[in-house]
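A.B. asks: Build the 3D model from these lines:
(chains A and B)
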Amino acid sequence: MSKSLPKKILDVLTYTLLVLGALTMLVPFLWMVSVSFREPAAQFSRNFIPNPFTLQNYVDLFEDLPDQAFFYLTFNSFKLSILAVIGQILTCAMAAFVFAIVKFRGRDFLFALLLATLMIPAQVSLIPNFIIFKYLGLIGTQWPLILPAFWGGAFGTFLLRQYFLTIPRDLVDAARMDGASLFNIFWRVYLPLSKPAVAALAIFVFKDAWNDLLHPLVYLPTDMQKTTLTVGLAFFQQQLQMGGKFTVLMAGAFLSILPLLIIFFIAQKQFIEGIALSGVKR
Amino acid sequence: MEYGLKPLGREKLWLWLMLAPTIIGLVFGTIGSLLATLGLSLFDWDLINPPNWAGLSNYVALFQNKDYIEAFVNTLKFSALYVPGVVGISLVLAVLLNRKIRGVGIFRTIYFLPAVTSAVATALVWNMIYGKDTGILNWMLESLGLAPVCWLCTDNAMMSVVIVNVWGAIGEGMIIFLAGLTAIPRDYYEAASLDGASDLQQFFKVTLPLVTPSIFFQTLISAINAFQAYDYIYMLTRRGQGDSSVPVAVYSIYRNAFHFFRMGDASAQAIQLALLVAVFMAIMFWWERRYVVYE
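C.D. replies: From the prediction side, this is the model:
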């Protein structure tokens, strides 16, 4: 059975709109890649295909910037993002387990309080946190970015709690019969059974830490060996633009998004689910 | 039925140990810092000299501070453009993708790309796209015989920044709406079809009412994001001394706190931002009770 004419017209219209939209989404990325493979003289050329094609910008990124800046920036971003993932998974999962499974006085109140914090804008915490870290002498070190990852959070706790609630209670009772302690039930039963939710949270936390601009900007010095890729790129924008080296800047931008692109293509499902849920967080 | 595992003997201690990080977070990170910010807003403090009691003067000063009023108005303007843009475009996108066409997966991936990648990196290339003499957007305009536009000059910067922010956000919106759309039972459309409803009528009588929970959710999230928008604005419009050609409220907070070290003013501004979020949420939940259709 063939489709009716209005349906066909609608199909054509749908595709036209979707393709035009998709191009708008893609052009900035394609342009970034294209410029990164050009010689500096051709940086503003309107030819999409780089001619001549060169890898020099990527070499320059690692060799020409002072103090091996790009290497340190990448290292710092990886280090801080991975620490954030470890901290959030550990602390959120422990709290989520307690909220989901254990019965104790004040549980519902504490959980409601935690969820209420979703409504507090990050800027409100920034000022007192800055002052505390300043008095602890930690401004200029990476601690103000690491410590908060280890004090839990409403979004991660909520996400994992919802998942823990779907795990059959018989398992807890069986473990209890065998004499397992509270922490052991968490560590040996719940955590191993929650890999999908933990993976979604890990991806989500990694992305947020990797892309964070505001916190490194406030807490870290503008020292290319100590700060992160986002701050570094923002800084190079001013430096390189004046030096007229958009090509190197684009190479840096492309390398900075590459890890997340790779994770995205490998784990698209978790990524999209995690981000659909992240709406709850912000 | 409420289920709960009872801690045995010394496990009470374990229970609180497992909760300790979260409680520290509540004390230092969120609830505690909300109270601290509230307290700080009543003092004048530059972090060097001892704080001085200022009462409500920091709040009064907000209404006389031209820079802050401009920033606050900018935040409202930005939100008024950004929220309908994100909600409208991502809804249309989701409806188109929900038409069971080929290549949905590819389109979904492409539209989602900016949600994955950092605003800093994509803003660098948007800066090139918006360039006045060398940008590809003006090149396209010229090849259509139109006059070039100074996209990031003061007059147009707001609009240009909104476009990039919308570009970056529709992927997430699309996912939310797709989830809402696929939850609508097929039978509803079949029933409407049997009653002779056209595609357009089906959209307005079946789809739109049943997708109102997603519209509500997405509007709420987009607005909260809009009130706090920062990354793209910083990257595209910043000038020296922490200034910007589109200073928004977050910009003003940041600048007062970390450039001028006026903690009292910055705190009062942060509290006002939190109030804006709270008031908006209250309005939205009132609206939800009246208009949102839950099955």
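
A.B. asks: tell me what the host helix or strand of residue B:221 is packed against?
C.D. replies: Assigned by DSSP states H and E, residue B:221 falls within helix B:212-227. Where contact means 3 or more Cβ pairs under 8 Å, 6 or more residues apart in numbering or on different chains; DSSP states H and E, helix B:212-227 is packed against helix B:66-97, helix B:154-182, helix B:263-291. Using the backbone N, CA and C atoms, a C-beta is placed for each residue, glycine as well.

A.B. asks: Just say which of these is most tucked in.
C.D. replies: Among the helices and strands packed on helix B:212-227, helix B:154-182 has the highest mean neighbour count (mean count of other Cβ atoms under 10 Å in any protein chain shown), at a mean of 21.

A.B. asks: thinking again about what came up before, export only the CA atoms of the helix holding residue B:221, formatted as PDB.
C.D. replies: Extracted in PDB, the C-alpha atoms of helix B:212-227 (Å, rounded to 0.1, in the frame of the first residue of the first chain):
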ATOM      1  CA  THR B 212       2.100  19.200  28.500                       C
ATOM      2  CA  PRO B 213       4.000  17.400  31.300                       C
ATOM      3  CA  SER B 214       7.100  17.500  29.200                       C
ATOM      4  CA  ILE B 215       6.500  21.100  28.200                       C
ATOM      5  CA  PHE B 216       6.200  22.000  31.800                       C
ATOM      6  CA  PHE B 217       9.300  20.200  32.800                       C
ATOM      7  CA  GLN B 218      11.400  21.500  29.900                       C
ATOM      8  CA  THR B 219      10.200  25.100  30.500                       C
ATOM      9  CA  LEU B 220      11.200  24.800  34.100                       C
ATOM     10  CA  ILE B 221      14.600  23.400  33.300                       C
ATOM     11  CA  SER B 222      15.300  25.800  30.500                       C
ATOM     12  CA  ALA B 223      14.400  28.800  32.700                       C
ATOM     13  CA  ILE B 224      16.600  27.700  35.500                       C
ATOM     14  CA  ASN B 225      19.400  27.200  33.000                       C
ATOM     15  CA  ALA B 226      18.700  30.600  31.500                       C
ATOM     16  CA  PHE B 227      18.900  32.400  34.900                       C
END
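
A.B. asks: And that helix, how far out from the chain middle?
C.D. replies: 8 Å (Cα atoms, centre = their mean, to the nearest Å).

A.B. asks: Over to stretch B:119-139?
C.D. replies: Using Cα atoms, centre = their mean, the offset of stretch B:119-139 from its chain centre is 23 Å.

A.B. asks: List the buried residues in it.
C.D. replies: B:119-131, B:135-139 (16 or more other Cβ atoms under 10 Å in any protein chain shown).

A.B. asks: Whether it contacts chain A - can you check?
C.D. replies: Yes - Stretch B:119-139 reaches chain A (Cβ under 8 Å from any Cβ of the partner chain) through B:119-122, B:124-129, B:131, B:134, B:136, B:139.

A.B. asks: any chance of the residues you listed in a markdown table, plus secondary structure and distance to residue B:109?
C.D. replies: Output for those, formatted as a markdown table (DSSP: H, G, I helix; E, B strand; the rest coil; distance: Cβ to Cβ, whole Å):
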| residue | secondary structure | distance to residue B:109 |
| --- | --- | --- |
| B:119 | helix | 19 |
| B:120 | helix | 22 |
| B:121 | helix | 18 |
| B:122 | helix | 16 |
| B:124 | helix | 22 |
| B:125 | helix | 19 |
| B:126 | helix | 20 |
| B:127 | helix | 25 |
| B:128 | helix | 24 |
| B:129 | helix | 22 |
| B:131 | coil | 28 |
| B:134 | coil | 30 |
| B:136 | helix | 23 |
| B:139 | helix | 28 |
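
A.B. asks: In chain A, which residue sits nearest chain B?
C.D. replies: Proximity to chain B, evaluated over chain A using Cβ to the nearest Cβ, is greatest for residue A:103 at 2.3 Å.

A.B. asks: close enough to count as contact, that residue and residue B:12?
C.D. replies: No - look at residue A:103 against residue B:12 with Cβ atoms under 8 Å: they stay out of range, at 11.7 Å.

A.B. asks: Quick check, pLDDT for the spatially most central residue of chain B.
C.D. replies: A centroid search over chain B (Cα atoms, centre = their mean) returns residue B:225, at 1.2 Å, as the residue closest to the centre. Per-residue confidence (pLDDT) for residue B:225: 92.

A.B. asks: Ok, the one 3 residues further on next?
C.D. replies: At residue B:228, the model reports a pLDDT of 92.

A.B. asks: Next, count neighbours for it.
C.D. replies: 20 (other Cβ atoms under 10 Å in any protein chain shown).

A.B. asks: wait, it sits on residue A:122?
C.D. replies: Yes - shown here, residue B:228 and residue A:122 form a contact pair, counting by Cβ under 8 Å, at 6.9 Å.

A.B. asks: any idea which of the residues of stretch B:119-139 next to chain A is least confident?
C.D. replies: Lowest pLDDT of these: residue B:134, 83.

A.B. asks: Any chance of the backbone angles for that one?
C.D. replies: phi -110, psi 0 (degrees, to the nearest 10).

A.B. asks: Run through the residues of the stretch 51-200 of chain B sitting next to chain A.
C.D. replies: B:92-93, B:96-97, B:99, B:101, B:107-122, B:124-129, B:131, B:134, B:136, B:139, B:167, B:171-172, B:175-176, B:179, B:199.

A.B. asks: Dump the helices and strands packed on helix B:212-227 to TSV, plus distance to residue A:227 and mean pLDDT.
C.D. replies: Below are the helices and strands packed on helix B:212-227 laid out as TSV (distance: least, Cβ to Cβ, whole Å; pLDDT from 0 to 100):
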stretch	distance to residue A:227	mean pLDDT
helix B:66-97	26	95
helix B:154-182	23	92
helix B:263-291	22	91
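
A.B. asks: I'd like to know which of those helices is closest to residue A:46.
C.D. replies: Closest approach to residue A:46 among these (Cβ to Cβ): helix B:154-182, 20.3 Å.

A.B. asks: Only C-alpha atoms, please: export the helix or strand just after the helix holding residue B:221 in CSV.
C.D. replies: Going down the chain from helix B:212-227, the next helix or strand is helix B:231-237, by DSSP H and E. Listed next in CSV are the C-alpha coordinates belonging to helix B:231-237 (Å, rounded to 0.1, in the frame of the first residue of the first chain):
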residue,chain,number,x,y,z
ASP,B,231,29.8,29.8,29.8
TYR,B,232,28.8,30.9,26.3
ILE,B,233,28.3,34.5,27.4
TYR,B,234,31.7,34.5,29.0
MET,B,235,33.4,33.1,25.9
LEU,B,236,31.6,35.3,23.4
THR,B,237,31.2,38.6,25.0
